[in-house]
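Participant: Here's my sequence, what's the structure:
(one chain, ligands or ions: 2)
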Amino acid sequence: MTEPTPTLPNDEQIQKALSNVIDPELRKDIVELGMVRSAVVHANGVVDVTVSLTTAGCPIRGHFEKAVREHVGALEGVTGVNTAFDVLSDEEKSGLQKKLGRASLPEGALAQVGRVICIASGKGGVGKSTLTANLAAALSAEGRRVGVLDADVWGYSQPRMFGLGAGRPKVNAERKILPHESHGVKVMSIGFFVDEDSAVVWRGPMLHKALTQFLEDVAWGELDDLLVDLPPGTGDVSMTLSQLLPDSQFLLVTTPQQVAQKVARRSADMAAKFNIEIAGVVENMASFVTPEGERFPIFGEGGGRLLADELDVPLLGQVPLTMPLRENSDAGIPLVYANPDDPASQAIRQIARGLIAIAPIAPLPMVDEQPPEPPAPAGMSLPMA
Ligand SMILES: Nc1ncnc2c1ncn2[C@@H]1O[C@H](COP(=O)(O)OP(=O)(O)OP(=O)(O)O)[C@@H](O)[C@H]1O
Ligand SMILES: [Mg+2]
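Facilitator: Ligands and ions are numbered 1, 2, ... in the order given. As a prediction, this is how the structure comes out:
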C-alpha cells in the first residue's frame with residue numbers, strides 16, 4: 001500500500017504564508033513590498049524562496065531567512081524551505097520608495113533654500129569633496145549664505161575639510177538639528193553623529209530616512225546655496241537625492257582624462273533620468289604648473305571640455321593640481337580662505353562667480369506678506385542619534 005501523496009501548497013497559499021514575513025524596519029510584509037522575487041514548490045515538497053533585498057549586505061537577512069522558513073515550513077506538504085537572496089534593481093528600489101510614499105520631501109521643506117547644487121562624479125577621488133568645501137567658502141566670500149550637506153554617508157569628509165570635529169550637533173526648540181558652522185558656512189554631516197572609523201552599514205530605507213532628515217530636520221535657515229557633496233557613482237544616495245530634490249542641479253566633476261569623462265557621463269545620464277538640470281562641468285586636477293611656469297598635464301587634457309560639449313553645458317572652470325589645495329583640505333581650512341591667490345583658489349572663485357551668474361534671481365519679499373508658518377516639529381529618529 002502506498003502512502004497518499006500529500007497535497008502541496010499552491011501559489012496563493014505560499015504568498016499568504018510569505019505575507020506573514022514582516023520587514024522590521026519598513027513594518028510591512030515582504031509580499032506587499034514586492035520583495036518576493038520567486039517562490040517555487042517542488043514535487044518533493046521543498047520550496048525555494050528568493051527574497052530581494054534593498055542592499056546586498058542587508059543586516060536583517062537572517063531575520064528574513066528565519067521568518068520565511070518558519071511560515072512557509074508550517075504549510076501542509078512542505079518538507080523543506082530554501083531561502084536565497086538577491087538585490088532589488090534601481091527601478092525596483094525606486095518603485096519601493098514610491099510605494100512607501102517617500103518619493104519627495106514634504107511641501108515647505110527647504111522653502112528657505114534658494115537652490116541646491118549636488119556635486120557629482122561618476123568615479124571616486126576626483127575632488128568632489130575638496131571642491132564642495134572650497135566652492136562653499138568662495139560663495140560665502142562673495143556674500144552668499146551657504147550650507148554644505150555631506151551626503152557621502154560612507155566616506156564623509158566635510159567635517160575634516162572644515163576642521164569641524166566638534167561633537168554632536170544640538171537640537172533647537174523646534175526640534176531641528178543645528179548644523180555646525182565654519183567661517184559662516186553651515187555644515188551637516190553624518191560624521192558628526194558616528195565615531196570616526198566605525199563602519200556604518202546602511203540599508204536603503206535607513207539611508208533614505210537619514211538623507212530625508214538631513215534635508216527636512218536640519219535648521220538650515222535661509223540659504224542662497226546648499227551644496228551637496230555626493231558619494232562617487234550613481235548608487236543609492238545619488239539616486240535617492242535625485243528623487244528627493246527634483247529641482248536641484250548637478251555640478252559634474254571630472255579629471256582631464258578622457259576615460260574619466262566617460263565615467264562622469266553616467267552621473268549625467270542619471271540626472272537626465274530624474275530630469276535634473278546640469279549646471280555645468282568642472283575639470284579638476286588640471287595641469288600642474290611649477291613655480292617656474294612649466295606645465296605638466298599629469299592627468300591628461302581635454303576631459304572637461306569634452307564632457308561639457310557632449311552635454312551641451314558650460315565648462316565652469318579648470319582647477320589645477322596644487323599642493324596647498326590638498327594640504328589645506330587635510331588641515332581643515334579651505335584654501336580659498338587660507339590663500340585666495342593660489343591658482344586653485346582663483347579657479348574655484350571663478351567657478352563660484354559662474355554659479356552665482358546662473359543662479360535664479362530671488363523674488364523680492366512682498367511688504368505685507370505673512371511670514372511662513374513654521375513647519376510642524378519633525379520626528380527625531382536619525383538612526384545614528
Ligand atoms: N586640484 C587638486 N590639487 C591637489 N590635490 C587635490 C586636488 N583636488 C583634490 N585633491 C586631493 O585629492 C584627494 C581626493 O579629493 P576628494 O576627497 O575631494 O575627492 P572626492 O571626489 O570627494 O573623493 P570620493 O569619491 O572618495 O568622495 C584629496 O586628498 C584632495 O586633497
Ligand atoms: Mg568625497
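Participant: and Val72, what pLDDT?
Facilitator: In this model, Val72 is scored at 96, pLDDT.
Participant: Quick check, it in contact with Val47.
Facilitator: Yes: under the criterion of Cβ atoms under 8 Å, Val72 makes contact with Val47 at 5.3 Å. All C-beta atoms are positioned from the backbone trio N, CA, C, and that covers glycine.
Participant: Ends of stretch 141-160, what's the gap?
Facilitator: 20 Å (Cα to Cα, to the nearest Å).
Participant: so what's the spatially most central residue of the chain up against?
Facilitator: Geometric centre of the chain, nearest residue: Val237, 2.7 Å, by Cα atoms, centre = their mean. Residues in contact with Val237 (Cβ atoms under 8 Å, 6 or more residues apart in numbering) are Ala151, Asp152, Val153, Leu207, Leu211, Leu230, Pro231.
Participant: Next: Phe288.
Facilitator: Taking Cβ under 8 Å, 6+ apart as the definition, contacts of Phe288 comprise Arg295, Phe296, Pro297, Ile298, Pro320, Leu321, Thr322.
Participant: those helices in this structure, which residues are they?
Facilitator: Under the criterion DSSP state H, the chain contains helices at 11-18, 61-73, 90-99, 128-141, 158-161, 204-216, 236-244, 258-273, 303-311, 323-331, 335-338, 343-357.
Participant: Would you mind getting the angle between the last one and helix 323-331?
Facilitator: Computed with axes from the mean of the first three to the mean of the last three Cα atoms, to 10 degrees, the direction of helix 343-357 lies at 80 degrees from that of helix 323-331.
Participant: For helix 343-357, the averaged confidence score.
Facilitator: Rounded mean pLDDT across helix 343-357 is 96.
Participant: Which positions within that helix qualify as buried?
Facilitator: Pro343, Ala344, Ser345, Gln346, Ala347, Ile348, Arg349, Ile351, Ala352, Gly354, Leu355 (16 or more other Cβ atoms under 10 Å).
Participant: again with the longest one
Facilitator: Judged by neighbour count using 16+ other Cβ under 10 Å, the buried positions of helix 258-273 are Ala260, Gln261, Lys262, Val263, Ala264, Arg265, Arg266, Ser267, Ala268, Met270, Ala271.
Participant: Give the other helices and strands that it contacts.
Facilitator: Applying 3 or more Cβ pairs under 8 Å, 6 or more residues apart in numbering; DSSP states H and E, one finds that helix 258-273 makes contact with helix 236-244, strand 249-254, strand 277-286, helix 303-311.
Participant: try 6 Å
Facilitator: Secondary structure elements in contact with helix 258-273, counted by 3 or more Cβ pairs under 6 Å, 6 or more residues apart in numbering; DSSP states H and E, are strand 249-254, helix 303-311.
Participant: Could I have the CA atoms of it written out in PDB?
Facilitator: Taking Å, rounded to 0.1, in the frame of the first residue of the first chain, the C-alpha atoms of helix 258-273 are listed here in PDB:
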ATOM      1  CA  GLN A 258      39.200  61.200 -21.400                       C
ATOM      2  CA  VAL A 259      38.300  58.000 -19.700                       C
ATOM      3  CA  ALA A 260      37.200  59.900 -16.600                       C
ATOM      4  CA  GLN A 261      34.900  61.900 -18.700                       C
ATOM      5  CA  LYS A 262      33.200  58.800 -19.900                       C
ATOM      6  CA  VAL A 263      32.600  57.700 -16.300                       C
ATOM      7  CA  ALA A 264      31.300  61.100 -15.400                       C
ATOM      8  CA  ARG A 265      28.800  60.800 -18.100                       C
ATOM      9  CA  ARG A 266      27.000  58.100 -16.100                       C
ATOM     10  CA  SER A 267      26.100  60.700 -13.500                       C
ATOM     11  CA  ALA A 268      24.800  62.900 -16.300                       C
ATOM     12  CA  ASP A 269      22.700  60.000 -17.500                       C
ATOM     13  CA  MET A 270      21.200  59.500 -14.100                       C
ATOM     14  CA  ALA A 271      20.500  63.200 -13.800                       C
ATOM     15  CA  ALA A 272      18.700  63.100 -17.100                       C
ATOM     16  CA  LYS A 273      16.600  60.100 -15.900                       C
END
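Participant: Serialize the helices and strands packed on helix 258-273 to CSV and add fields for mean pLDDT and distance to Val78.
Facilitator: Compiled in CSV, these are given as follows (pLDDT from 0 to 100; distance: least, Cβ to Cβ, whole Å):
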stretch, mean pLDDT, distance to Val78
strand 249-254, 94, 50
helix 303-311, 91, 55
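Participant: quick one: which of these is nearest Glu327?
Facilitator: strand 249-254 (19.8 Å; Cβ to Cβ).
Participant: Indicate whether that closest one makes contact with ligand 2.
Facilitator: No: counting by Cβ under 5 Å from the ion, no contacts exist between strand 249-254 and ligand 2, the nearest distance being 9.7 Å.
Participant: can you state the direction angle for that strand and helix 303-311?
Facilitator: Orientation check (the same axes, to 10 degrees): strand 249-254 against helix 303-311 gives 140 degrees.
Participant: how near is the residue nearest to Arg295 when sequence neighbours are not counted to Ser121?
Facilitator: Ranked by Cβ to Cβ, 6 or more residues apart in numbering and with sequence neighbours excluded, the top spatial neighbour of Arg295 is Ser287, at 4.8 Å. Distance of Ser287 to Ser121, computed by Cβ to Cβ, to the nearest Å: 19 Å.
Participant: Among the helices of the chain, which comes closest to ligand 2?
Facilitator: The closest of those to ligand 2 is helix 128-141. By Cβ to the ion, the value is 3.3 Å.
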